[in-house]
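Student: the amino acid sequence is not available; the structure is as follows:
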């Protein structure tokens, strides 16, 4: 008999990976865009750094709050569905057992076997069985607001720090191209890392994040240059 093998499925990473990639991506793009916009208006290095630091702090707090609120809404919905399902199981367990069996029938299980599976699963943990197979709520996909908020804030800060470092080390006469090129490099590395962690191909995610980052930075730099001349 072949040895049972427990695969390390990448879908288990979806929750934290989404928040981490989103946070780092936003940190690089928003901070680099702010820096390029202000630098294009011909202000001092001190003003550029102040703008970047303010953007890092404000962005990290915004990301944490936004992730917490949005994921908490998902969590509230999950809890409400579970509470309703618990009441239905208490009111009419026979109907709920047949409902679960029909889900398995729809997936291709023979009716008699489906009813037996439903009976055994509900005998062990009826709510978990319905949460997983009727509502689509599992340990992998369940909402974790605090985890999402912390991951987004931390990775946003890490991403935002990258263009700030470029401001510190770049000569004043090449600050704008250095920040732009360096930030695009960081974005391409982020896209590749996210793709690798998620088990996807490298080229498409890397090109996607780099292209949209370049668009954001180019637009902000253009607006900064125009406003700087007018003011």
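Tutor: Everything's here; your move. Owing to the predicted nature of the structure, the values given are computational and were not obtained by experimental measurement. Residues are numbered from 1 along each chain as shown.
Student: find the nearest non-adjacent residue to residue 78, please.
Tutor: Excluding the flanking residues, the one nearest residue 78 by C-beta to C-beta, 6 or more residues apart in numbering is residue 137, at 5.5 Å. C-beta: built from backbone N, CA, C; applies to glycine.
Student: can you name the element that comes right after the lengthiest helix in the chain?
Tutor: Longest helix in the chain, counting residues (DSSP state H): helix 45-91. Counting by DSSP states H and E, the element after helix 45-91 in chain order, helix or strand, is helix 93-106.
Student: got the angle for that next one vs helix 45-91?
Tutor: Angle, helix 93-106 to helix 45-91, by axes from the mean of the first three to the mean of the last three C-alpha atoms, to 10 degrees: 120 degrees.
Student: flag every buried residue along helix 93-106.
Tutor: Of all the residues in helix 93-106, those buried under the rule 16 or more other C-beta atoms under 10 Å are 96, 97, 98, 100, 101, 103, 104, 105.
Student: show me what the following helix or strand past that helix is in contact with.
Tutor: Following helix 93-106 in sequence order, the next helix or strand is helix 111-133 (DSSP H and E). By C-beta atoms under 8 Å, 6 or more residues apart in numbering, the residues outside helix 111-133 that reach it are 81-82, 85-86, 89, 93, 96-98, 100-105, 109, 137-138.
Student: do that again at 10 Å, thanks
Tutor: Outside helix 111-133, the residues within contact range by C-beta atoms under 10 Å, 6 or more residues apart in numbering are 78, 81-83, 85-86, 88-90, 93, 96-110, 135, 137-139, 141-142.
Student: ok, stretch 99-107 next?
Tutor: With C-beta under 10 Å, 6+ apart, stretch 99-107 has contacts from 88, 92, 98, 109-119, 121-122, 126, 129-130, 132-134.
Student: for ChimeraX, write the selection for the buried entries among the residues you listed.
Tutor: Selection of buried members from the contacts of stretch 99-107 for ChimeraX, criterion 16+ other C-beta under 10 Å:
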select :98,109,114,115,117,118,121,122,126,129,130,132,133
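Student: pLDDT value on the residue lying farthest from the centre of the chain, please?
Tutor: The C-alpha centroid of the chain is most remote from residue 112, which lies 41.8 Å away (C-alpha atoms, centre = their mean). Listed pLDDT for residue 112 reads 88.
Student: low-scoring stretches of the chain, by residue?
Tutor: Applying pLDDT under 70 to the chain flags the ranges 1-19, 138-143, 197-200, 228-231.
Student: quick one, phi psi at residue 108?
Tutor: Backbone torsions for residue 108, taken as degrees, to the nearest 10, come to phi 110, psi 0.
Student: with residue 136 instead?
Tutor: Dihedral angles for residue 136 - degrees, to the nearest 10 - are phi 80, psi 20.
Student: run a quick neighbour tally on it.
Tutor: 10 (other C-beta atoms under 10 Å).
Student: go on, residue 178?
Tutor: Count around residue 178 with other C-beta under 10 Å applied: 16.
Student: please identify the buried residues of the host helix or strand of it?
Tutor: Element membership for residue 178 (DSSP H and E) is helix 175-198. For helix 175-198, the neighbour count (16+ other C-beta under 10 Å) marks 175-176, 178-180, 182-184, 186-195, 198 as buried.
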